[in-house]
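In: Need coordinates for the below:
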Amino acid sequence: MKSLFKLFVVLITALAIITPYQAEAKTKKLKALIVSGQNNHNWQVSHRVLRLILNQSELFECDIMLTEPAGGDMSGFTPDFEKYDVVVLDYNGDRWPKQTDEAFVKYVKRGGGVVVYHAADNAFAGWEEFNKIIALGGWENRNEKAGPYYYLVDGKPTLDYSAGPGGSHGSEREYPMHARNTTHPIVKGLPNGWMHGRDEMYDRMRGPANIKDLLYSGYADSKKGGSGREEPLVFTVDYGKARIFHLMLGHCGPTADNNPAMQCAGFQTLLLRGAEWAATGKVTQPVPADFPTAEKPSYRLDSKAPAE
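Out: Numbering: from 1, shown residues only. Model prediction:
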């Protein structure tokens, strides 16, 4: 009898040792790299807010790698992209060293995850492969040579090869988002229409236009300085085995506390779901209780989703 009791104690002790390990394995965080350091936007705030949102979700463990300031020596900017499940681009500045260009393309082509955040699609107009990775870009003297405009007419994608500059936006405002896909893991369960927080709306974007899944669009109201067209705002990119999530939303405000576009619960939800999908091909996150409605945006002043 004593032998049986001892055996029981040994088994219970073994389970007590194994169970925490198994729990830890189940909650292993995804490794994310945020690339920043130069931008015509407020990167000094945006990269920190991106890290805050990702880390507070408890799904990600984020590193940040910053380049030298504009005009500086870029030769030391050599991230090891292969260490990461997803790379978040918050960069729009000087060209990377050749070896870094090649390492990034290699990472993406072998199936690496990428999130293209807001003005990262302004970068590297002259780098053909990068423009295939982002699908659409703007500014930096982009024109018809970069590829067609992409917008919607009667809900259908239209490629417009007419001459003209790429990239513009009207005044910052709250505006409705229109679902173009309801089954993709990033948007499954989200409303078909919801009000986004005060933000820029990119329009007249052009490029290779290799959009795979258009998820959300928005109407760029000409009365607000927009194109007067239904513009793509959130989509995935068709680029081999890669999972690329392009999020045009999220213009950074002057401070982390005065940052309505990035404080919008809709923006944060898309960022988190898009980053998880880019990293794993799946989305495990529920729709948050504070997601915006069709009539009203929802702001998170602490950049954190409410507890369930």
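In: can you give me the helices in this structure?
Out: 2-26, 43-56, 98-109, 128-134, 260-263, 265-280 (DSSP state H).
In: Comparing these by mean pLDDT, which bottoms out?
Out: For those, mean pLDDT drops lowest on helix 2-26, to a mean of 42.
In: How about stretch 278-294, which residues are buried there?
Out: By neighbour count with 16 or more other Cβ atoms under 10 Å, stretch 278-294 contains the buried residues 278, 279, 280, 283, 285, 288, 291, 292. For every residue, glycine as well, the C-beta is placed using N, CA and C.
In: ugh, typo on my part, it should be stretch 115-122
Out: 115, 116, 117, 118, 119, 120, 121, 122.
In: Excluding chain neighbours, what is closest to the third one?
Out: The one in question is residue 117. residue 90 (5.3 Å; Cβ to Cβ, 6 or more residues apart in numbering).
In: Can you read off the pLDDT for the one you found?
Out: So residue 90 comes in at 98 (pLDDT).
In: distance of it from residue 168?
Out: Using Cβ to Cβ, to the nearest Å, we find residue 90 at a distance of 21 Å from residue 168.
In: who's more crowded, these two?
Out: residue 90 (28 against 18; other Cβ atoms under 10 Å).
In: So residue 141 sits against residue 125, correct?
Out: Yes - between residue 141 and residue 125 there is a contact under Cβ atoms under 8 Å: 6.1 Å.
In: and residue 183, what are its phi and psi?
Out: For residue 183, the backbone dihedrals are phi -110, psi -20 (criterion: degrees, to the nearest 10).
In: Kindly provide the distance from it to residue 190.
Out: Residue 183 sits 11 Å away from residue 190, going by Cβ to Cβ.
In: More neighbours: which of those two?
Out: Counted by other Cβ under 10 Å, residue 183 and residue 190 do not tie: residue 190 has more neighbours, with 22 against 7.
In: correct me, but the more buried one touches residue 181?
Out: No - the pair residue 190 / residue 181 is not scored as a contact, 10.1 Å apart, by Cβ under 8 Å.
In: Neighbours of residue 136, how many?
Out: Residues near residue 136, counting by other Cβ under 10 Å, number 30.
In: quick one, what contacts it?
Out: 121, 150, 205, 206, 207, 208, 209, 211, 232, 246 (Cβ atoms under 8 Å, 6 or more residues apart in numbering).
In: could you measure it against residue 37, distance?
Out: 23 Å.
In: And residue 230, by the same measure?
Out: Counting by Cβ to Cβ, the gap from residue 230 to residue 37 is 34 Å.
In: Geometric centre of the protein: which residue is closest?
Out: The central residue of the chain, meaning the one whose C-alpha is nearest the mean C-alpha position (Cα atoms, centre = their mean), is residue 115 at 3.9 Å.
In: Now do the contacts for it.
Out: Neighbour list for residue 115: 86, 87, 88, 89, 244, 245, 246, 247, 271, 274, 275, 278 [criterion: Cβ under 8 Å, 6+ apart].
In: swap in residue 33?
Out: Residue 33 neighbours (Cβ under 8 Å, 6+ apart): 62, 63, 64, 65, 79, 81, 83, 84, 86, 87, 88.
In: From the chain's centroid, how far away is stretch 263-280?
Out: Chain-centre distance of stretch 263-280: 7 Å, with Cα atoms, centre = their mean, to the nearest Å.
In: again, but for stretch 239-248
Out: Relative to the chain's own centre, stretch 239-248 is displaced by 9 Å; criterion: Cα atoms, centre = their mean.
In: Please apply the same query to stretch 120-129.
Out: 16 Å.
In: Over to stretch 243-257?
Out: Using Cα atoms, centre = their mean, the offset of stretch 243-257 from its chain centre is 8 Å.
In: tell me the mean pLDDT for it?
Out: 98.
In: contacting residues for the nearest residue to residue 116 once chain neighbours are set aside?
Out: Of all residues not flanking residue 116 in the chain, residue 246 sits nearest, at 4.3 Å (Cβ to Cβ, 6+ apart). Residue 246 sits next to 115, 116, 121, 134, 135, 136, 234, 235, 236, 237 when contact means Cβ under 8 Å, 6+ apart.
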